[in-house]
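> for reference, the sequence and a predicted model appear below.
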Amino acid sequence: MDTPPPRDLTQPPGETLSPELRVTPSNAHYTVLIVGGGTAGVTVAAALRRQRPGLQLAIVEPSETHAYQPGWTLVGGGIFTLGQTQRPEASLIPPGVTWIKQTAAAFHPDQSVVALADGRRIGYRILVVCPGLQLDWDKIDGLRDTLGRNGVCSNYAAPYADYTWHCISAFRGGSALFTQPAMPIKCAGAPQKIMYLMADRIRRRGQLANSQFSFCLSGDALFGVPFFVPPLQQAIDSYGIQVNYRHDLKAIDGPSRTAVFSARGPDGDTREVARRFDMIHVTPPQSAPDFVKHSPLADANGWVDVDPATLRHARYANIFSLGDACSAPNAKTAAAVRMQAPVVTRNVLATLAGQPLPASYDGYGSCPLTVALGKIVLAEFAYGGKVTPSFPLDPRRPRRSAWLLKTKFLPFLYWNIMLKGSELDIGHRERHFADAA
């Protein structure tokens, strides 16, 4: 992930890195090579090792720190500490898997080779591409110069999630702006989750009357699945939040605390709008990593071009992709990876055995929409906007049980089950509910 440079990530207290790196010569070759050691890469590697312990397997990943990114909203909201969301990458690489601590630079699929930034070329029989996406901070003029100060914060990078909580804690009224760029982005609900958490805290302090909250989003709907819009609209109304649709953040002047938006009218005309702020939470534009979008693996939009069901590449039968970098039209969430990883694992092993692909992904994703402290709308959905909850309860109703799921169970599931290569699916399926929530 591309994060701005002002502050370095540090390891949690008491933990030191002790990576067991194998020497990787220029002509190294692996049965399965995984590009990306985040959620998707570690999960697939662990699952493959569980099912085929003797598999020659390597992960290409430059980062020393692994992050539970769904927790960053809770860091910004004052519920988690940053340390709770981070662990050394070395502690998560499955035993027997080679960690190539380097950045991928280019793909040569016709030769079944990945070129690394240090000049090495690594061969493979099967390639799994899951490097995540990149945050395009520089598409917003002035953002890098002011991020982390002047009331400009973002939960989309670990070094700045703590600053979000600092801004919320120090806020005593005034203007708070929250932005959301054009899709796709990581966790489409995250830009407004922090807004509701802050608004609820401000209301509990009795300061909502002298505060102005504005949500400036590029799209023309609060959420991509219409079924879940009503409870979000209820939250908007209860906090008195002004929603500005078709607003794209273009520039920020930190010292003057001014944000400049390009606002699109219903007829397609655009105008420049300047808004003052005391605090602004920025969600940056996002895209596939440059080394992906400029490769033979990319589709017209720069994502790894895959079949949305099998997650196999559209043109290269020995390449699979999952997670944020792939072109499948699902929500880019950890919950999606939890369902994609078993599909890729089974299909990789079938490919190695020369068998038909047995597994199919239905587009499942989940977004726990935090509408207040202790209250979450648990949105679960699949391809085509199908509502696919795991429980037979109306998911539009904010529930404390979903809050406990988000803050207690899901982090445990992530670190102790998912990243260990184990599967846990409660059994989501399409369900239908009455119109009234």
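In hand now; what should we look at?

> buried residues in stretch 242-254?
Judged by neighbour count (16 or more other Cβ atoms under 10 Å), stretch 242-254 contains these buried residues: 243, 246-250, 252-254. Bear in mind the C-beta positions are built from the backbone N, C-alpha and C, glycine included.

> correction: stretch 65-81
So, applying 16+ other Cβ under 10 Å, buried residues of stretch 65-81: 65-80.

> now stretch 192-206
Here stretch 192-206 shows 192-203 as buried, counting by 16+ other Cβ under 10 Å.

> related to what we said a few turns ago, taking the buried residues of stretch 242-254 one by one, which sit in strands?
Using DSSP state E to define strands, the subset of these located there is 243, 247-250, 252-253.

> quick check, nearest of the buried residues of stretch 242-254 to residue 277?
Residue 277 lies nearest to residue 252 out of the buried residues of stretch 242-254, by Cβ to Cβ, at 8.8 Å.

> that closest one and residue 260: what is the separation?
Computed as Cβ to Cβ, to the nearest Å, the residue 252 to residue 260 distance reads 7 Å.

> equivalent analysis for residue 238, please.
29 Å.

> how about the residue nearest to the spatial centre of the chain, phi and psi?
Nearest to the centroid of the C-alpha atoms of the chain, with distances taken as Cα atoms, centre = their mean, sits residue 186, at 3.5 Å. Dihedral pair for residue 186: phi -60, psi 130, per degrees, to the nearest 10.

> so what's it closest to, chain neighbours aside?
With sequence-adjacent residues excluded and distances taken as Cβ to Cβ, 6 or more residues apart in numbering, residue 186 is closest to residue 332, at 5.1 Å.

> before we move on, what about residue 204?
Distances taken as Cβ to Cβ, 6+ apart place residue 373 nearest to residue 204, at 7.8 Å, with adjacent residues excluded.

> swap in residue 307?
Nearest non-adjacent residue to residue 307 (Cβ to Cβ, 6+ apart): residue 314, at 6.3 Å.

> do residue 173 as well
Once chain neighbours are set aside, the closest to residue 173 by Cβ to Cβ, 6+ apart is residue 210, at 3.9 Å.

> for residue 222, same thing?
Closest residue to residue 222 apart from its sequence neighbours, by Cβ to Cβ, 6+ apart: residue 232 at 4.7 Å.

> so who does that neighbour touch?
192, 222-223, 369, 371, 377 (Cβ atoms under 8 Å, 6 or more residues apart in numbering).

> same thing but at 10 Å, please
189, 192, 196, 221-223, 243, 369, 371, 377, 379, 396 (Cβ atoms under 10 Å, 6 or more residues apart in numbering).

> per-residue pLDDT, it?
Per-residue confidence at residue 232 stands at 97 (pLDDT).

> give me phi/psi at it?
phi -70, psi -40.

> pull up the gap between it and residue 390, please.
Noted for residue 232: a distance of 20 Å to residue 390, by Cβ to Cβ.

> then residue 177?
Residue 177 sits at a distance of 35 Å from residue 390 (criterion: Cβ to Cβ).

> comparing the two, which residue is more hemmed in?
residue 177 (28 against 17; other Cβ atoms under 10 Å).

> among the buried residues of stretch 192-206, which are located in helices?
The subset of the buried residues of stretch 192-206 located in helices under the criterion DSSP state H comprises 192-203.

> what are the ranges of the helices in the stretch 251-400 of the chain?
If you assign secondary structure with DSSP state H, counting those that start in this stretch, the helices in the stretch 251-400 of the chain sit at 290-293, 334-352, 400-404.

> what is the next helix or strand after the last one packed up against?
Just to be clear, that refers to helix 400-404. Later in the chain than helix 400-404, the nearest helix or strand by DSSP states H and E is helix 410-413. Using 3 or more Cβ pairs under 10 Å, 6 or more residues apart in numbering; DSSP states H and E, the elements in contact with helix 410-413 are helix 334-352.

> give me the mean pLDDT for the helix it packs on.
If you average the pLDDT values across helix 334-352, you get 97.

> which positions in that helix come out as buried?
Residues of helix 334-352 classed as buried under the neighbour-count rule (16+ other Cβ under 10 Å) are 334-349, 351-352.

> what's the answer for stretch 120-127, then?
Burial within stretch 120-127, assessed by neighbour count using 16+ other Cβ under 10 Å, is assigned to 120-122, 124, 126-127.

> how about stretch 253-273?
253-254, 257, 259-261, 264.

> would you check which pair of those residues lies furthest apart?
254 and 264 (25.2 Å).

> just for this structure, where's the confidence low?
Counting by pLDDT under 70, the chain has low-confidence residues at 1-27, 436-437.

> could you list the domains of it?
The record, using automatic domain parsing to delimit domains, assigns the chain the ranges 29-133+288-352, 136-286, 365-418.

> ok so, going back, might you report the residue contacts of the residue nearest to the centre of the chain?
With the criterion set at Cβ under 10 Å, 6+ apart, residue 186 makes contact with 1, 69-70, 72, 132-133, 135, 156, 283, 286, 324, 331-334.

> so how far is residue 36 from it?
The spacing between residue 186 and residue 36, counted by Cβ to Cβ, is 14 Å.
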